[in-house]
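Chemist: Need a 3D model of the sequence below.
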Amino acid sequence: MSSTQSLGWRAHVPAAVRPYTEAAPIAALFLGISSGAPYALIASTLTTRLAQDGINKRAVTAFTLAFLVYNLKWLWAWVVDGVRLPLLGRLGQRVSWLLFVGVLTMAAIINLALVDPKASLMATAVAAILVGAAGATYDIVIDAYRIESLEPRQLGVGSGMSQYGWRIGSVAAGALALVIAARMGWQAAYIACAIFMLPAMLVGLLLGEPARHREPEIRKGLKSVLDSVLAPLAEFFRRRGAALVLLFILLHKIGDTLANLTFRLLFDDLQFTNGEIALYDVGFGFWAYLIGIFIGGAMYSRLGMKRAVLISLVLMAVSNLSFAGLAALGHSNWGMAGAIGFENIASGIGGVTVVAYFSALCDLRYTATQYALISAAASVVGRVLTGTTAGALIERFGYVNFYLLTTLIAVPGVVLFWIMIRRGFIDDVERVASGK
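Modeler: Predicted structure coming up:
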């Protein structure tokens with residue numbers, strides 16, 4: 001049989017697009033959808049809900065502390081790797097955990113739907129944290145399933161498809177919530193959005209256990225548990241330049257996180273309607289982000305890891321200036337479109353290049369745990385600062401100066417990466433990733 005015949009209908013697809021039509025990358029797309037939705041429901045969507053319920057800015061931004069659960073997921077990542085679930089476990093380690101955590105996340109979202117922020121902020125905060133905990137655990141399982149399903153040659157394509165899926169899931173959940181909330185209220189909106197947990201569960205049921213999955217080791221005693229948590233850390237810190245790399249991971253996203261989690265507050269104060277937010281922030285921003293991912297993939301292929309990541313860091317820092325401009329301009333649909341477009345294109349580019357760099361940092365013996373560690377560390381500082389200071393900073397200095405400040409805060413990350421390039425640390429990562 002010729003290679004063309006073995007490809008079937010895919011033989012008629014352009015060669016550049018063909019890798020995206022394989023089963024594992026398509027699965028990564030659907031896994032990403034289920035990964036992105038819970039995040040959106042406790043991010044901008046919850047911010048809008050609280051703002052419209054008349055909750056003050058300090059309390060609204062404090063809710064971003066619910067994201068800290070995502071930063072702690074590495075603490076229990078080993079459980080997903082090493083603990084076999086009763087009954088469901090016969091379906092396989094990854095499939096059983098996909099189903100179990102998928103149901104838990106749906107339940108947590110429905111619980112958040114049923115609380116009333118105006119009646120009890122504390123109950124709402126607890127419900128948001130539960131969604132964060134369930135969503136973070138779902139991320140652990142989804143990342144492991146994706147990595148183990150993709151062949152080495154598919155890792156780049158699969159990461160891009162996962163990014164597309166994450167954005168589709170977060171945008172679709174956010175848009176659906178806004179539309180339903182306008183017609184039926186926030187309770188119905190959140191309940192409806194629980195369906196976004198199903199795509200990952202269906203992937204597990206249809207494709208089964210990943211071919212590259214290794215059966216978990218049987219863990220006995222406290223020492224074995226501690227080893228399973230500490231071994232990935234020990235391996236990372238034995239590397240050359242590990243401290244500088246960790247500092248970059250911790251600091252590079254502070255400015256971006258501070259800015260992104262306050263956009264809906266700006267839109268509300270500028271009196272944009274839910275329809276305008278849905279059109280420009282959710283709709284226009286979605287397509288701008290997809291364009292950014294495409295540009296990021298091309299940049300990474302043509303320029304390589306070093307230049308692509310450095311350029312994307314600069315773009316993400318500068319993009320915050322566009323919101324300072326919008327704040328100064330006031331209610332302007334064109335201004336909102338421009339700011340959202342620039343920011344999402346820059347974020348899309350960075351979403352490919354920086355994630356590719358972080359993926360290359362993982363030792364294949366500890367991929368799931370180390371990726372959980374790196375992804376958690378990448379946003380922890382920004383989320384803490386957003387939850388504890390963002391609202392107060394906006395009230396004290398105003399939106400224009402606040403977004404100028406976020407741009408300045410992003411500069412150290414750019415400088416740190418440039419230093420790592422100069423010292424050869426990025427060359428080390430490229431060499432290990434290529435197997436040389």
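
Chemist: What strand or helix carries D427?
Modeler: Following DSSP states H and E, one finds D427 within helix 425-433.

Chemist: typo on my end, it should be L85
Modeler: Counting by DSSP H and E, L85 is part of no helix or strand.

Chemist: and it, what does it touch?
Modeler: Contacts for L85 (CB atoms under 8 Å, 6 or more residues apart in numbering) come out as S96, W97, F100. All C-beta atoms are positioned from the backbone trio N, CA, C, and that covers glycine.

Chemist: residues near the second one, how many?
Modeler: By that I understand W97. Residues near W97, counting by other CB atoms under 10 Å, number 27.

Chemist: do the same with W186
Modeler: When neighbours are counted by other CB under 10 Å, W186 registers 24.

Chemist: Only alpha carbons, please: show the helix holding D427 as PDB.
Modeler: Output of helix 425-433 as PDB, limited to C-alpha atoms (Å, rounded to 0.1, in the frame of the first residue of the first chain):
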ATOM      1  CA  PHE A 425      21.300  28.200  29.700                       C
ATOM      2  CA  ILE A 426      18.800  28.300  26.800                       C
ATOM      3  CA  ASP A 427      21.300  26.400  24.700                       C
ATOM      4  CA  ASP A 428      21.400  23.700  27.400                       C
ATOM      5  CA  VAL A 429      17.700  23.300  27.200                       C
ATOM      6  CA  GLU A 430      17.600  23.100  23.400                       C
ATOM      7  CA  ARG A 431      20.400  20.500  23.500                       C
ATOM      8  CA  VAL A 432      18.600  18.300  26.000                       C
ATOM      9  CA  ALA A 433      15.300  18.600  24.200                       C
END
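
Chemist: Please name every helix or strand in contact with it.
Modeler: helix 285-329, helix 333-361 (3 or more CB pairs under 8 Å, 6 or more residues apart in numbering; DSSP states H and E).

Chemist: Show the end-to-end separation of stretch 277-296, please.
Modeler: End-to-end distance of stretch 277-296 (CA to CA, to the nearest Å): 26 Å.

Chemist: residues of it that come out buried?
Modeler: By 16 or more other CB atoms under 10 Å, the buried positions in stretch 277-296 come out as 277-282, 284-286, 288-290, 292-296.

Chemist: residues in contact with that stretch?
Modeler: Contacts for stretch 277-296 (CB under 8 Å, 6+ apart): 44, 48, 160, 163-164, 167-168, 171, 174-175, 178-179, 263-264, 267, 272, 308, 312, 333, 336-337, 340-353.

Chemist: re earlier: nearest to L72, of the contacts of L85?
Modeler: Closest approach to L72 among the contacts of L85 (CB to CB): W97, at 18.0 Å.

Chemist: Mind telling me what element the closest one is part of?
Modeler: Assigned by DSSP H and E, W97 belongs to helix 93-114.

Chemist: after that helix, next one along is what?
Modeler: Counting by DSSP H and E, what follows helix 93-114 is helix 121-149.

Chemist: distance between that next one and the chain's centre?
Modeler: A distance of 11 Å separates the centroid of the chain from that of helix 121-149, by CA atoms, centre = their mean, to the nearest Å.

Chemist: burial of R422, as a residue count?
Modeler: For R422, the count of nearby residues is 9 (other CB under 10 Å).

Chemist: Against Q370, how distant is it?
Modeler: Applying CB to CB, to the nearest Å, the value for R422 to Q370 is 25 Å.

Chemist: Please name the residues that touch I409.
Modeler: So I409 contacts I254, G255, L258 (CB under 8 Å, 6+ apart).

Chemist: Which other helices and strands does the host helix or strand of the second one contact?
Modeler: Under the assignment given by DSSP H and E, the secondary-structure element containing G255 is helix 254-260. Judged by 3+ CB pairs under 8 Å, 6+ apart, helix 254-260 is in contact with helix 285-329, helix 333-361, helix 367-385, helix 391-422.

Chemist: Mean pLDDT added to those helices, as JSON lines?
Modeler: Output for the helices and strands packed on helix 254-260, formatted as JSON lines (pLDDT from 0 to 100):
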{"stretch": "helix 285-329", "mean pLDDT": "86"}
{"stretch": "helix 333-361", "mean pLDDT": "86"}
{"stretch": "helix 367-385", "mean pLDDT": "75"}
{"stretch": "helix 391-422", "mean pLDDT": "88"}
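
Chemist: For L72, find the nearest of the ones you listed.
Modeler: Here helix 367-385 is closest among the helices and strands packed on helix 254-260 (CB to CB), at 6.7 Å.

Chemist: That closest one packs against which elements?
Modeler: Looks like helix 367-385 contacts helix 68-71, helix 77-82, helix 121-149, helix 221-237, helix 242-251, helix 254-260, helix 333-361 (3+ CB pairs under 8 Å, 6+ apart).

Chemist: Mean neighbour count, those helices: which tops it?
Modeler: helix 254-260 (a mean of 25; mean count of other CB atoms under 10 Å).

Chemist: shaky segments in the stretch 1-150 of the chain?
Modeler: The stretch 1-150 of the chain contains residues with pLDDT under 70 at 1-17, 56-65.

Chemist: Who are the contact partners of the closest residue to L313 other than its chain neighbours?
Modeler: Residue nearest to L313 in three dimensions, not counting chain neighbours: V414, with 4.7 Å by CB to CB, 6 or more residues apart in numbering. Going by CB under 8 Å, 6+ apart, V414 touches H252, L310, L313, V314, A317.
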